[in-house]
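Novice: pasted the sequence and its predicted model underneath.
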Number of protein chains: 2
Amino acid sequence: MPDMASKHTFQTPRGTRDFYPEDMAIRRYIESVWREVSINHGFEEIEGPMFEHLDLYKQKSGEGIVNELFSFTRAGGKTQYALRPEFTPTLARMYAARAKQLSKPTKWFVIPNHFRAERPQRGRLREFMQWNADYVGIPEVGTFVADADIEIISVTIGIMKKFGFTPKQIRIKLGHRKSVEDRLLRLGVPDVHIESSLLLLDARQKLETSKYVNEAKLLEWSKDAIDWFHPENRTIIRLDDDLDSLDLPKSEIDSMKHKRQERGDLQGELIRAGFGEWCEFDSMIIRGLAYYTGTVFEVHEASGKERAIAGGGRYDHLIELCGGPPTPAVGIAMGDVVLRLVLDDHDLLGPDRVSVPHPDVFVISLGDEDSDIKLKKIVSDLRSENHHIRHTYKATRKLKKLLGEAEGLGSRLVIILDEKLAEGEVTIKDMKQGSQEQVRLNDLRREISERLNRA
Amino acid sequence: MPDMASKHTFQTPRGTRDFYPEDMAIRRYIESVWREVSINHGFEEIEGPMFEHLDLYKQKSGEGIVNELFSFTRAGGKTQYALRPEFTPTLARMYAARAKQLSKPTKWFVIPNHFRAERPQRGRLREFMQWNADYVGIPEVGTFVADADIEIISVTIGIMKKFGFTPKQIRIKLGHRKSVEDRLLRLGVPDVHIESSLLLLDARQKLETSKYVNEAKLLEWSKDAIDWFHPENRTIIRLDDDLDSLDLPKSEIDSMKHKRQERGDLQGELIRAGFGEWCEFDSMIIRGLAYYTGTVFEVHEASGKERAIAGGGRYDHLIELCGGPPTPAVGIAMGDVVLRLVLDDHDLLGPDRVSVPHPDVFVISLGDEDSDIKLKKIVSDLRSENHHIRHTYKATRKLKKLLGEAEGLGSRLVIILDEKLAEGEVTIKDMKQGSQEQVRLNDLRREISERLNRA
C-alpha cells in the first residue's frame, strides 16, 4: 500500500481548475456553442497533440511566447517538448503535412486546452480551453482578403449571438498589422526594431505613460512616433462612420480610404453581411504574436472592462515556415476564461441556457423487496433504450420526499412502484403537467418512450 | 519575423496523434457514446487539470506508474508537476476536497486526455483519451459491494452495447484483489513482497515462463505458489457455470462459494441484471495499480487478441489517503486506443455510425454577380437560424458538378439561384427524394426550416 502522506500537496495546481458537475455543465455549454456555430459555418473539427516539439514554438511565435511555456523532456530522453500555449503552430504543421490533398480553402476549428507558465491573474490562467477557427488557402472564387476575413468575423459574431450577446454589449475591433508597420517605418522607426515595436504597441495600454515613452526611446522612436502611438491618442472608427466627416487631417482620411480599397473592401463586405453594428476599427489593435501579417482583430466587451475575449488575424507566412507551400491564412482564437467572466457579467449563464443533464425518468419503489428488485430491472431496461434514468439511494420510502428528489433533479417523468405492482400495474407521473396514469408493467417501455418522444 | 527553420522538427511528437476531420469524427463518436451512456446511467461529468503535483502520483499509485510520467517544473519554479497518467488520483483529490457536501454515492464520469512516457506500441500511445466512471461512497440502501460493482459493470456493458458489440465479442473479466492476496499469504509469500507479487501477477502473461519463475523466486515464493499462479494455470469460470460441476478440488469449490457470499452475491446480482452472458471470473485478472483493494475487472475482446479495452476495480483507501474521510469506491477506465482497434476489427466504425457532420443545405449560384451577393446573404441568414450551410469555393457554374459537390458532402437540401432569381424565385432540391420545388425568395427561411424539421 502506498504511504500515508501529508495533506498539503493535494491541491489543484496553481492556475488550473477542477470542474465539478455544475462547472462542467458551463464548460460543456460553451464548447457546444463553439462547436455548433463552427459546424454551421462550414468549419470542420480537428485536434492535435497536447504538446509539441519545443522548437515549433521557439521558431514560430517570437519571443513573446517562449518565456511562457511549460517545457519538459522524457526521463532519459533528449527531445524537448512543450505543452501547447496556442494552436496555430500545430495547425500550420498539420496543414503543411497534407497541403497537397487539402481543399482550398480548408476551414478548420478546434477546441483544445492550452497552457501558459505565467502568473495567474483575472482572465489569465495556466490552463484554459480555447476555440480556434482558421481559413487556410485561396479559393477559386472570392476576393481572398475580404472573404476569408469576413468568414472568420462571421463565425465569431455567430458565436457571440448564440451566447445571447447583442451588438451593444460586444465590439469586434479591427486593425491592420501592415499599416501599423508602414506607419512606424514612415515615422522613422528603424527596420530592426519593428518587431519589438509591435510588441510594445500591443502592450502599451497596460503600461504607465513614462514606461511607454522609455521603451519607445530604447527602440529609437522619434518624438513623432511616440506621439502618434501614444496610449492616449486612440482612434476608433465605427464601421458605418463616414470617413469624410471625421475630425482628422485630410491626408489621414485619404490614406484610410486608400487602405480600405487595398483590403478588398472589408468594410463594405462587413456592412453588406449585416455585421456593421458589431465592428469598428481601433488603432490600439496590434496583437502580440510575431506571425501576423495583415488584418488583426480582437473581440471586447463594450465597456472594455475585461481583457480581450478573442483575438486573431492574418498569418500569411506560417504555413510555409512549417514546410508547406506559400499559403495565406486567417484565424481567430477565443479562450474560455475571459468569456466566462463576460457571460456571467451579462447574466448569460442562467438555467435557461446552462444546466446539468436532467433525468428523463426517476423511478421510485414504495413497496417490498420484490418491488426493489423490479426497480432495478426497470432502471436497467429503460437505460438500454437510451433514456436517462435515476432512482434514489436514500432509505426513505416517503413518496413526498422522493418526489421532491425527482423534482430537484428536474426529472420529466416519475415511475412509482407501489402496492398495485402485485396486479402488474405501475404509475407514471408527468412532473411538468402534474398528471398521472396507471399503466401495465408489460407496456412500460413503450409507454415511457411514447411520452418522452412527445417533445 | 521568425527565422526560417529546417523541416525535420515539425513532426507529430512520437506516440501522439493528429486528428484530421475524419479521425476527429471517430474521436467525437467514441466520446459521445461514452458521454451519453454515462449520463443515462446517472453519472455526472467532471474534469480536472491536465497536470497535477508530481507527489500526488508518486505517493498514490505505486512504482508501476512513476517511471511512466512526463514531469516538469515551471522555468524558475521549484514545484514539480506531472502530466496526468490516469484520472483516479485527481478524482480522489477532488472528492476529498468536498467530501462533506457530496451526496452518497457520488457517481462521476470524465473523458480526459492522459499521458505516459513509455515506448509507443500497438494499443499503447503516449497521449490517449480515456473514459472513467467512478462510484464513490456508501448509499443508505443497497449492499455496497454488489451494488457499486454492478453499477460500474452495468454502465460499461451499456457502452459496449451502444458501440454495437455483442456478448460473443466481448468478455467482462472479474477478479478479486483480496482473494489473490489471501492466496499468496496462504502459500507462504512474505507480507513485504505482496505488493511486488501483485505486480508480477499482473504482468505474468506477457513474461516468458523462465522469467516468471525467476522473478517469483526473487520474491521468495514457494514452489506451490509458483505452480498455483503459473501463467499456464489459468482458471476461467463463466458466470452461469455451476460451481459444483467444475473440475476442481472440493476445498477450492467451497472457498469459491464462500467468497461469492462475502462479495454480496455479485454473481447473482449480475445474472439478475441480465449481464450473465457478458461476464466471467478469470484468475489472470489482477490489475497493476497498487491502490486496488477488492473486486477488479477488465474488458477484453473475446479472442484475446488485443490488450484490455478497459480495466478497473475497488479502491477503498485512496480517498482517505488524499485527505478525505474513509470512503469506499469503485471505478473503471476505458482508453480510446485499444477500443478503436477493436471497433475497427468488428466493423463498428462504418458510415452508419460515424461521419463528419453533413450540411443541411448547400447553396448554388448559377447566375450573375447579383446572385453571388444574394448567395452570401442567404448563407448568412440561414446560419443565423442554426442550420449547417455550405457553398462552393470553386469557380465552376456547372450545375451537375456543383450538385456532385453537394452530394459528396451529404447535404440534405440544395438551394439553386438561377435566372428565376430575377422574378424573386429560387429552387429547393431535396437530395434524398430527388424532388425539387420553386419557392419565393422571401419565404426561403421558413421553407427551409419546415423541410429540415420534417425529420
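Specialist: Yep, that arrived.
Novice: of all of the stretch 101-250 of chain A, which residue lies closest to chain B?
Specialist: The nearest approach of the stretch 101-250 of chain A to chain B comes at residue A:139, 3.4 Å away (CB to the nearest CB). Glycine gets a C-beta too; all of them are placed from N, C-alpha and C.
Novice: doesn't that residue fall inside a strand?
Specialist: No: counting by DSSP: H, G, I helix; E, B strand; the rest coil, residue A:139 is not part of a strand but coil.
Novice: could you count how many residues lie near it?
Specialist: For residue A:139, the neighbour count with other CB atoms under 10 Å in any protein chain shown is 17.
Novice: so what's it up against?
Specialist: Residues in contact with residue A:139 (CB atoms under 8 Å, 6 or more residues apart in numbering or on different chains) are A:104-105, A:147, B:393-394.
Novice: kindly recompute the last result at 10 Å.
Specialist: Applying CB atoms under 10 Å, 6 or more residues apart in numbering or on different chains to residue A:139 gives the contacts A:103-106, A:147-148, B:392-395.
Novice: likewise residue A:349?
Specialist: Neighbours of residue A:349 in contact, by CB under 10 Å, 6+ apart: A:25-26, A:29-30, A:163-164, A:340, A:343.
Novice: which residues are in contact with residue A:344?
Specialist: Contact partners of residue A:344, counting by CB under 10 Å, 6+ apart, are A:26, A:350.
Novice: local confidence estimate at it?
Specialist: Looking at residue A:344, its pLDDT is 96.
Novice: flag every buried residue along the helix or strand hosting it.
Specialist: Element membership for residue A:344 (DSSP states H and E) is helix A:336-345. Residues of helix A:336-345 classed as buried under the neighbour-count rule (16 or more other CB atoms under 10 Å in any protein chain shown) are A:336-343.
Novice: do the same with stretch A:69-79
Specialist: Going by neighbour count (16+ other CB under 10 Å), the buried part of stretch A:69-79 is A:69-72, A:74.
Novice: then stretch A:348-357?
Specialist: Within stretch A:348-357, the residues that count as buried by 16+ other CB under 10 Å are A:348-349, A:354, A:356-357.
Novice: rewinding a little: who does whichever helix or strand comes after the helix holding residue A:344 touch, helix- and strand-wise?
Specialist: Counting by DSSP H and E, the next helix or strand C-terminal to helix A:336-345 is strand A:361-365. In terms of contacts (3 or more CB pairs under 10 Å, 6 or more residues apart in numbering or on different chains; DSSP states H and E), strand A:361-365 is packed against helix A:369-384, strand A:389-391, helix A:399-408, strand A:413-417, strand A:425-430, helix A:444-453.
Novice: could I get the buried residues of stretch A:348-357 as a markdown table with pLDDT?
Specialist: Below are those laid out as a markdown table (pLDDT from 0 to 100):
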| residue | pLDDT |
| --- | --- |
| A:348 | 98 |
| A:349 | 97 |
| A:354 | 96 |
| A:356 | 94 |
| A:357 | 96 |
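Novice: and the residue of the stretch 201-350 of chain A closest to chain B?
Specialist: Closest point on the stretch 201-350 of chain A to chain B, by CB to the nearest CB, is residue A:323, at 4.2 Å.
Novice: what's around that residue, how many residues?
Specialist: Residues near residue A:323, counting by other CB under 10 Å, number 19.
Novice: do the same with residue A:236
Specialist: Using other CB under 10 Å, residue A:236 is surrounded by 13 other residues.
Novice: same check, this time on residue A:159
Specialist: For residue A:159, the neighbour count with other CB under 10 Å is 26.
Novice: residue A:271 too?
Specialist: Residues within reach of residue A:271, counting by other CB under 10 Å, total 15.
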